[in-house]
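J.: I'd like to go over a predicted model; first the sequence, then the structure.
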Amino acid sequence: MKKMRIIIFICLIGIIALFKFGLSNQETDATQQTSNSVSSIIQTTDSSSENLIKIGKEDATLYADSSLSEPLNSVNAGELATLLSTTDNAYKITTNDGETGYLSLTDGSSLTRSTQELPSDLSEAVIVLDPGHGGDDTGALSTDGHTEEKTVTLAAAKQLQTSLEAAGATVYLTHETDDYISLDDICSFSEEKAADLFISLHADSTESPNEATGTTTYYYYNRDQRLAETVSDELADLPITSRGTATGNYQVLRENLQPSLLIEMGYMNNDEDLATLATVNYQQQLAQSITQALLTYFNQ
């Protein structure tokens, strides 16, 4: 009888040990699953969005220290800088120029940009075209005052739309008739359409007539430089001389969350440029050159 009790006692101890071991394994598995889930969420968040700081309405000072006592440089109003971290009184940011420093919390506001995968072909791309000026904003005038920039840009944008759509792209115009659209609304429209590329079309002007000629492809953010160069290379074969690429501190580039270019198609107050610029033939050539450039760019 005594032996039987000992055997039963030993069996009970074994059962209890096995039960505890099973619970321990379940807890370990659950903890591991939770850890993996959290890790997955963090990775998804990191890869699907980017934290930015938008500089306020005026140029701001970038500081070397979080106490904001040692000025480094100034940052353009409206620029979108990469947010690294936040202290009690400052954002730690990296500017478009690649400079890292601190910005007063009062000099900027935080926002999030969704990460978009670059299409592998123009046929998969969404393009927003902005015909420069419109409505009461005529833009630059010809030397005789009879031709307005807004008329030329709208006609050219529609030719470009036709060419891009023929290549399979989805194209939106910020305005399709002679209307004024604010610069803020232009940037918002580009973001709403999740544009893979935004292009604003303009025609340049100088203080004195006939002193400059050529097309110029402008970009603001360093990330868009290769895109600008690809487009500029194609424009070099147009009847109007190419002036190459340049950085342009324009609101539709600087405050646009999407990849952006501004193309000056020629000079309104250069009589020879305008004689070419205002023709359907030139506008079609321009459209074909830009389309070819984008075919090259997206296929890279």
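T.: Arrived safely. Numbering: from 1, shown residues only.
J.: ok, the closest residue to Ser289 other than its chain neighbours - contacts?
T.: Take Ser289 and drop its neighbours on the chain: the residue closest to it by CB to CB, 6 or more residues apart in numbering is Glu234, 4.2 Å away. Any C-beta I mention is one placed from the backbone N, CA and C, and that applies to glycine too. Going by CB atoms under 8 Å, 6 or more residues apart in numbering, Glu234 touches 289-290, 292-293, 296.
J.: again, only using 7 Å
T.: Contacts for Glu234 were tallied using CB atoms under 7 Å, 6 or more residues apart in numbering; they are 289-290, 292-293.
J.: between those, which is nearest Ser190?
T.: Ile290 (16.9 Å; CB to CB).
J.: follow-up on the earlier one: most neighbours among the contacts of Glu234, which one is it?
T.: Sorting these by how many neighbours each has (other CB atoms under 10 Å) puts Ile290 first, at 26 neighbours.
J.: Could you give the average pLDDT over stretch 220-235?
T.: Average pLDDT, stretch 220-235: 98.
J.: meant to ask about stretch 99-109
T.: 98.
J.: residues of it that come out buried?
T.: Buried positions in stretch 99-109, judged by neighbour count with 16 or more other CB atoms under 10 Å: 101-103, 105, 107-108.
J.: Same question for stretch 48-67.
T.: So, applying 16+ other CB under 10 Å, buried residues of stretch 48-67: 51-56, 60, 62-63, 66.
J.: again, but for stretch 278-294
T.: Quick answer for stretch 278-294 (16+ other CB under 10 Å): 278, 282-283, 285-294.
J.: from the chain's centre, how far out does the helix or strand hosting Val128 sit?
T.: Using DSSP states H and E, the element containing Val128 is strand 126-131. Distance of strand 126-131 from the chain centroid (CA atoms, centre = their mean, to the nearest Å) equals 13 Å.
J.: Sheet partners, orientation included, of that strand?
T.: strand 170-173 (parallel), strand 197-204 (parallel) (DSSP bridges).
J.: I'd like the next helix or strand past it.
T.: helix 149-166.
J.: that older thread, identify, from the buried residues of stretch 48-67, the entry nearest to Gly248.
T.: Nearest to Gly248 among those, counting by CB to CB, is Ile55 at 16.8 Å.
J.: Tell me the confidence at that closest one?
T.: According to the prediction, Ile55 has pLDDT 98.
J.: Repeat that for Ser182.
T.: Note for Ser182: predicted pLDDT of 98.
J.: next one: the one 10 residues further on
T.: At Glu192, the predicted lDDT confidence score is 97.
J.: what's the span of stretch 159-179 from first residue to last?
T.: End-to-end span of stretch 159-179 (CA to CA, to the nearest Å): 18 Å.
J.: mind listing what's buried in that stretch?
T.: 159-161, 163-164, 167, 169, 171-175.
J.: And these, which two are furthest apart?
T.: Farthest apart among the buried residues of stretch 159-179 by CB to CB are Ala167 and His175. That separation is 22.5 Å.
J.: sorry, back to before: which one of the buried residues of stretch 48-67 is nearest to Ile93?
T.: Nearest member of the buried residues of stretch 48-67 to Ile93, counting by CB to CB, is Ile53, at 5.2 Å.
J.: For my notes, confirm the closest one occurs in a helix.
T.: No - going by DSSP: H, G, I helix; E, B strand; the rest coil, the assignment for Ile53 is strand, not a helix.
J.: shift numbering so it begins at 173
T.: Sure thing, new numbering starts at 173, so read that last one as Ile225.
J.: That one against Asp279, yeah?
T.: No - using CB atoms under 7 Å, Ile225 is not in contact with Asp279; the gap is 8.8 Å.
J.: thinking again about what came up before, quick one: which of the strands paired with strand 298-303 is nearest Asn248?
T.: Closest among these, once you apply CB to CB, is strand 369-376, at 17.7 Å.
J.: residues making contact with the closest one?
T.: With contacts defined as CB under 7 Å, 6+ apart, strand 369-376 is touched by 297, 299-304, 312, 321, 324-325, 328-329, 362, 388, 424, 428, 430-440, 449.
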